[in-house]
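Q: no FASTA, just this:
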């Protein structure tokens, strides 16, 4: 009985879990649940479209490089900007990762 060599493939991750211990948004009146929902949608979109580096696990202890945001920003826009900052941190400043 012979053994047929098979191509080794790395399984595609089906789940990426982002855990945020605490997020303090001083000076914003946006609904935290709506910010969270917008954050999740935008980060999901960015990961699907741009990917993540193949050499995970990925960590970003601090959001850096986030431009000053106006206090009157909508919950949707605030969530999007935060997701972009997280994705940039995970990918090495926002370059295409896939």
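A: Now that the structure is in, tell me what you want to look at. For clarity, every value in this text was computed on a predicted model and none was experimentally measured. Residues are numbered from 1 along each chain as shown.

Q: What strand or helix carries residue 87?
A: Residue 87 is part of helix 75-91 when elements are defined by DSSP states H and E.

Q: quick one: residue 84 and residue 46 touch, right?
A: Yes. Using CB atoms under 8 Å, residue 84 is in contact with residue 46, at 6.9 Å. Yep, even glycine has a C-beta here, placed from its N, CA and C like the rest.

Q: the more surrounded of these two?
A: Neighbour count, other CB atoms under 10 Å: between residue 84 and residue 46, residue 46 has more, with 21 against 17.

Q: quick one: that one and residue 37, what's the gap?
A: 15 Å (CB to CB, to the nearest Å).

Q: the helices in the chain, which residues?
A: Assigned by DSSP state H, the chain shows helices spanning 32-50, 75-91.

Q: Now do the shortest one against helix 32-50, angle only.
A: Put simply, helix 75-91 runs at 40 degrees to helix 32-50, going by axes from the mean of the first three to the mean of the last three CA atoms, to 10 degrees.
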